[in-house]
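Colleague: predicted model and sequence below, questions to follow.
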Amino acid sequence: MSILPKTRRWTRLPVDMPVKVVTSRGFSSTTVDGRGTELSQGGMEVYAGILLNPGDMLEIEFDVPIHSRIAAIVRSRNGFCFGLEFVTPLPS
């Protein structure tokens, strides 16, 4: 039995937090409520009722511990569950 090496740069923490997913196309933007379920310094897992694909850019807005808005890119998708990578990692 082989053990796979650790491939994640940051430890993921389970969370249950409301988020807003903000997408922009040209002069219009769409904001959709979502739910964050995992968070790390470099990204998060989000469930949201919006059609996104890997490579799409967006912003995530959340209020924990303070109101924050950060740019992210969709790295994976499984239905309405999205793996996001922050464009700039959160401060440690």
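Modeller: Looks like it arrived, so ask away.
Colleague: packing partners for the particular helix or strand that has Asp33 in it?
Modeller: For Asp33, the host element (DSSP states H and E) is strand 28-40. Counting contacts by 3 or more C-beta pairs under 8 Å, 6 or more residues apart in numbering; DSSP states H and E, strand 28-40 is packed against strand 13-25, strand 43-48, strand 57-62. No exception for glycine: its C-beta is placed from N, CA and C like everyone else's.
Colleague: partners of the last one in the sheet?
Modeller: With DSSP bridges as the test, strand 57-62 is paired with strand 13-25 (antiparallel), strand 68-78 (antiparallel).
Colleague: quick one: which of these is nearest Ile50?
Modeller: Minimum separation from Ile50 across the strands paired with strand 57-62 (C-beta to C-beta) falls at strand 13-25, 5.8 Å.
Colleague: got the buried residues for that closest one?
Modeller: For strand 13-25, a neighbour-count test (16 or more other C-beta atoms under 10 Å) marks 19, 21, 23 as buried.
Colleague: from those residues, which is closest to Gln41?
Modeller: Val19 (16.3 Å).
Colleague: tell me where the protein is predicted with low confidence.
Modeller: 1-6, 89-92 (pLDDT under 70).
Colleague: ok, now with 90
Modeller: Scanning the chain for pLDDT under 90 picks out 1-12, 24-28, 62-68, 88-92.
Colleague: dig out what Ser24 forms beta bridges with.
Modeller: Beta-bridge partners, per DSSP bridges, of Ser24: Ser29.
Colleague: no wait, Ser68
Modeller: Note on Ser68: beta-bridge partners by DSSP bridges are Phe62.
Colleague: distance to Ile73 added to the buried residues of strand 13-25, as a markdown table?
Modeller: Shown next, in a markdown table, are the buried residues of strand 13-25 (distance: C-beta to C-beta, whole Å):
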| residue | distance to Ile73 |
| --- | --- |
| Val19 | 15 |
| Val21 | 13 |
| Thr23 | 12 |
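Colleague: now, which of these sits nearest Arg35?
Modeller: Set against Arg35, the nearest of those by C-beta to C-beta is Val19 (6.7 Å).
Colleague: what's the distance between Gly36 and Leu13?
Modeller: Separation of Gly36 from Leu13 (C-beta to C-beta, to the nearest Å): 10 Å.
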